[in-house]
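S.K.: have a look at this prediction, sequence included:
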Amino acid sequence: MKQNDSRACFRTIIGGQALIEGIMMRGPDKSSIVVRREDGTLVEKTEPLRKTKKPAILNWYFIRGVYNFGSSMIQGVRALFYSADAAFESTENTEPPSRLERRLGTKRFNDLLMTVSAVLGVALPIVLFFFLPTLLAGTLDRFIGSGFLRNLCEGGIRILIFLLFMFSVSRMKDIRRTFEYHGAEHKSIACYESGAELTVENARACRKEHPRCGTSFLLVVMIVSILVFSVVRWSNPFVRLLLRLALLPVVVAISYEINRAVGRHDNAFTRAVRAPGLWLQKLTTREPDDSMLEVAITALKAVIPEEKGADRW
């Protein structure tokens, strides 16, 4: 793959998310979802982004991180539901609707499923990465007299649980395919940023790890949480948990700004900060096949703005 020197330092704001048998890409003006169905055909959905004027406060430092993180989560859940429907949609639906679906109607039933999934998607991380580490660290009070050391131990436990969780899910067959699509997403964006023509062959030659990945953001959140939560030294584990949940927006806000700054610059310091996240992506990305790269490239091409450079980071 030949790299165009004029775009060697080009970084795009276009980002993506691996879905069920597909990929979502989001550009400055449009978002696109491309899913491969069971029969091998592609389902494409491209929509313009709403240009509603946001309150100025949502663009302020730190506040924008919490807002963008929340809106990305909502869009991501919706895209996952859409990809599941599109990937396994059958031309003949032989299964009768459930009693609840008949009572609520298909749309309200799907909205209910999405709401329940979103609640569970938030509850599971809270239990795994906040409640459990806080509870385990509380058992160390008899051995550790320092609240600061207890918080450090809790942070270490949180990171350990996070790494074990990521390793465990990466071994699951269905998740492994999603991680392959994750690799395809990274490869296509790296190919685009290099200035090379967006082809399967060129994308295949790119790295599957990308410095501006959401996985790296999660790891930064874990590390920043150790520093922020160190100010909370209550001995009661339930009080500590509530205070940690209250401080979570602060952790997200700081982590967002760090990720944004690191993504904008390339020097020895930023490369050192990015290194743990790139290492973690060896768990959350896998080498995709050519059909997955085709999906990623199709989704990416749909959101590239007409004006050259309008998507520059």
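M.R.: Thanks, I have it.

S.K.: quick one, strands of the chain?
M.R.: Using DSSP state E, the strands of the chain run over 15-19, 22-26, 30-36, 42-48.

S.K.: which stretches of the stretch 51-200 of the chain aren't confidently modelled?
M.R.: The stretch 51-200 of the chain contains residues with pLDDT under 70 at 90-122, 145.

S.K.: all helices for this protein, in order.
M.R.: Using DSSP state H, the helices of the chain run over residues 63-87, 99-104, 106-126, 132-138, 147-170, 173-194, 200-204, 214-229, 237-264, 268-284, 290-303.

S.K.: can you list contacts of the last one?
M.R.: The one in question is helix 290-303. The set of residues that contact helix 290-303 without belonging to it, under Cβ atoms under 8 Å, 6 or more residues apart in numbering, is 14, 16, 22-27, 29-36, 40, 42, 44, 46, 180-181, 183-185, 187-189, 191-192, 198-200, 203-204, 288. No exception for glycine: its C-beta is placed from N, CA and C like everyone else's.

S.K.: show the buried residues in those.
M.R.: 14, 16, 22-27, 30-36, 46, 180-181, 183-185, 187-189, 191-192, 198, 200, 203-204, 288 (16 or more other Cβ atoms under 10 Å).

S.K.: center of this protein, which residue is that?
M.R.: Relative to the mean C-alpha position of the chain, the nearest C-alpha, by Cα atoms, centre = their mean, is the one of residue 214, at 4.1 Å.

S.K.: which non-adjacent residue is nearest it?
M.R.: residue 17 (7.5 Å; Cβ to Cβ, 6 or more residues apart in numbering).

S.K.: surely that neighbour and residue 184 touch.
M.R.: No: here residue 17 lies out of contact with residue 184, judged by Cβ atoms under 8 Å, at a distance of 11.7 Å.

S.K.: common neighbours of these two, please.
M.R.: Residues touching both residue 17 and residue 184 (Cβ under 8 Å, 6+ apart): residue 23.

S.K.: re earlier: the residue nearest to residue 214: neighbour count?
M.R.: 22 (other Cβ atoms under 10 Å).

S.K.: residues in contact with it?
M.R.: Remark: with contacts taken as Cβ under 8 Å, 6+ apart, residue 17 is in contact with 23-24, 76, 79, 185, 214.

S.K.: mind doing that once more with 10 Å?
M.R.: By Cβ atoms under 10 Å, 6 or more residues apart in numbering, the contact set of residue 17 is 23-26, 33, 72, 75-76, 79-80, 83, 178, 181-182, 185, 214, 299.

S.K.: with residue 36 instead?
M.R.: Taking Cβ under 10 Å, 6+ apart as the contact definition, residue 36 lies against 21-23, 42-43, 83, 86-87, 181, 291-292, 294-295, 298.

S.K.: repeat that for 7 Å
M.R.: By Cβ atoms under 7 Å, 6 or more residues apart in numbering, the residues touching residue 36 are 21-22, 42, 87, 291, 295.

S.K.: ok, which pair from these is furthest apart?
M.R.: Every pair in the contacts of residue 36 was compared (Cβ to Cβ); the two farthest apart turn out to be 87 and 291, at 12.9 Å.

S.K.: who has more neighbours out of these two?
M.R.: Of the pair residue 87 and residue 291, residue 87 is the one with more neighbours under other Cβ under 10 Å, namely 16 against 13.

S.K.: measure that one to residue 19 for me?
M.R.: Using Cβ to Cβ, to the nearest Å, one gets 8 Å for the distance from residue 87 to residue 19.

S.K.: identify the contacts common to those two.
M.R.: Taking Cβ under 7 Å, 6+ apart as the contact criterion, the common neighbours of residue 87 and residue 19 are residue 35.

S.K.: what's the mean pLDDT across stretch 256-263?
M.R.: Mean per-residue pLDDT for stretch 256-263: 86.

S.K.: all set now, cheers.
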